[in-house]
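Asker: The following comprises the amino acid sequence and a computationally predicted model.
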Amino acid sequence: MKDWLDDLLSELPSEPVRPELQRSLERRLAAVRRAEVRRRRAWYGLRALAAAAGVWLLVPQLQPATRALPPLSYAGIGVWLRGLAASPPEAIAGTLRRTLDLESGIAGNLAPDVAVGLALLALPALSIVIGLLGGQTQREASAA
Amino acid sequence: MYSHRKPLDDDDTELVRLARGGEAQAFDRLVERHTPRLHRVVRRLASDAGEAEAIVQEAWLRAWRRLPECDAGRPLFPWLVQVAVNVARDQWRRERRLALADLGADGLELAEDEPGPEPRLERKLALQRLARGVERLPPAQRAVIALRYDGGLAYEEIAQALAIPVNTVRTHLHRAKAALRIWMEAADEGLA
């Protein structure tokens, strides 16, 4: 129950807010926002640079990799399907063997640049995915 | 709650939503709306006006950065007070002190709907004396008084802002008011 003390406490004197405080706050908030924009732009630039460097490293490596791939034709697929129908285990084992040969062939032709290129491409890709997930979480929180 | 200090929390929800979406103007509107009341609460806790302003400014900057953590479905002001209390705590921890407020009698403002000259003077003197009494309270009790009467927060909101149980809030408030009653009665009897 409210009494005289509650009444007095509700009206306790206090210093008014100086107008300079509001102005100073606006200035500091604006500075923080500008710094955020600069940081965001720098991060976007870094991501774009990483993606470009990744592509630059990967593209020259694609040609040897594609050369190692067997030529694909309707006739070849037809032969493989007939083999699969005649003896499935043999056809699957043969396919696995050829795939492993292909993998070791490609791996032999690939330079360490590929790993670096893939890592450089993964960095912006991951950051975009994280950003999208974060944005979705925030939208869900706002909607709740 | 004390009606004359109630915020317009209905509009806050929309402004918080917009600010979280990156609209700086919506946040500026919240700053404009809540700074006077936040300053009033913080000023009661801080040792001087400069410290109070520094805490209020840092609280708003922190609020901007942590806005995604703010629950849009709840009133904004208690969350703001919580941020400000944490800023003050960090500051005091750094400075290794927990100073009492030195809110002076100079420049005090009184409500406009006051009675005639004599009762008005009497009330003004009582308020000034009460303000000095609040300054002399232990920091924890003064914080509860500030959040309850300057901030208009409910017991649960005070407990959340100060990270203490609701029963402790009640105890602090009870002890603070008992001490203030003695302080004010001593003045009536001319002992102070």
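Answerer: On my side now, so go ahead.
Asker: secondary structure class for the residue in chain A that chain B sits nearest to?
Answerer: Here the residue of chain A nearest chain B is residue A:13; by C-beta to the nearest C-beta that distance is 3.7 Å. For the C-beta atoms, the positions are set from N, CA and C on the backbone; glycine is no exception. Put simply, residue A:13 is coil when judged by DSSP: H, G, I helix; E, B strand; the rest coil.
Asker: Residue A:16 too?
Answerer: Applying three-state DSSP: residue A:16 is coil.
Asker: OK, contacts around the residue nearest the centre of chain B?
Answerer: Most central in chain B under C-alpha atoms, centre = their mean is residue B:41, positioned 1.8 Å from the mean C-alpha point. Taking C-beta atoms under 8 Å, 6 or more residues apart in numbering or on different chains, we find residue B:41 in contact with B:81, B:84, B:146-147, B:150-151.
Asker: Apply 6 Å and report the result again.
Answerer: B:81, B:146, B:150-151 (C-beta atoms under 6 Å, 6 or more residues apart in numbering or on different chains).
Asker: Residue A:126 too?
Answerer: Contacts of residue A:126 by C-beta under 6 Å, 6+ apart: none found.
Asker: Look up phi and psi at it.
Answerer: Per-residue torsions, residue A:126: phi -60, psi -40 (degrees, to the nearest 10).
Asker: Residue B:71 too?
Answerer: phi -80, psi 110.
Asker: Residue A:61 too?
Answerer: phi -90, psi -10.
Asker: okay, now residue B:182: neighbour count?
Answerer: Neighbours of residue B:182 under the rule other C-beta atoms under 10 Å in any protein chain shown: 11.
Asker: Give me the pLDDT for it.
Answerer: Residue B:182 carries a pLDDT value of 91.
Asker: Does it belong to a helix, a strand or coil?
Answerer: Put simply, residue B:182 is helix when judged by three-state DSSP.
Asker: ok, now the one 4 residues further on?
Answerer: Under three-state DSSP, the three-state class of residue B:186 is helix.
Asker: Per-residue pLDDT of it, please?
Answerer: 83.
Asker: repeat for residue B:113
Answerer: pLDDT, residue B:113: 45.
Asker: ok, now residue A:143?
Answerer: 52.
Asker: Repeat that for residue A:68.
Answerer: Predicted confidence (pLDDT) for residue A:68: 70.
Asker: neighbours around it, how many?
Answerer: Residue A:68: 16 neighbours (other C-beta under 10 Å).
Asker: Okay, now the unreliable bits of the chain?
Answerer: Let's take chain A. For chain A, residues meeting the criterion pLDDT under 70 lie at A:1, A:65, A:108-110, A:135-144.
Asker: was after chain B, sorry
Answerer: B:1-10, B:96-119, B:188-192.
Asker: can you rerun that using 50?
Answerer: Residues of chain B meeting the criterion pLDDT under 50: B:1-8, B:98-114, B:191-192.
Asker: that older thread, against residue A:2, how distant is the residue of chain A closest to chain B?
Answerer: Here the criterion is C-beta to C-beta, to the nearest Å. By it, residue A:13 lies 19 Å from residue A:2.
Asker: Please say which of the two ends up with more neighbours.
Answerer: Using other C-beta under 10 Å, the more surrounded residue of residue A:13 and residue A:2 is residue A:13, with 16 against 9.
Asker: Phi and psi next, for that one.
Answerer: phi -70, psi 150.
Asker: So which bits of chain B are right by chain A?
Answerer: Within chain B, the positions lying close to chain A (C-beta under 6 Å from any C-beta of the partner chain) are B:2, B:17, B:20, B:24, B:31, B:35-36, B:39-40, B:43, B:53, B:57, B:60-61, B:68, B:72, B:107-109, B:111, B:127, B:130-131, B:149, B:177.
Asker: again, only this time at 7 Å
Answerer: By C-beta under 7 Å from any C-beta of the partner chain, the residues of chain B that approach chain A are B:2, B:17, B:20, B:24, B:28, B:31, B:35-36, B:39-40, B:43-44, B:49, B:53, B:56-57, B:60-61, B:64, B:68, B:72-73, B:107-111, B:126-128, B:130-131, B:134, B:145, B:149-150, B:177, B:180-181.
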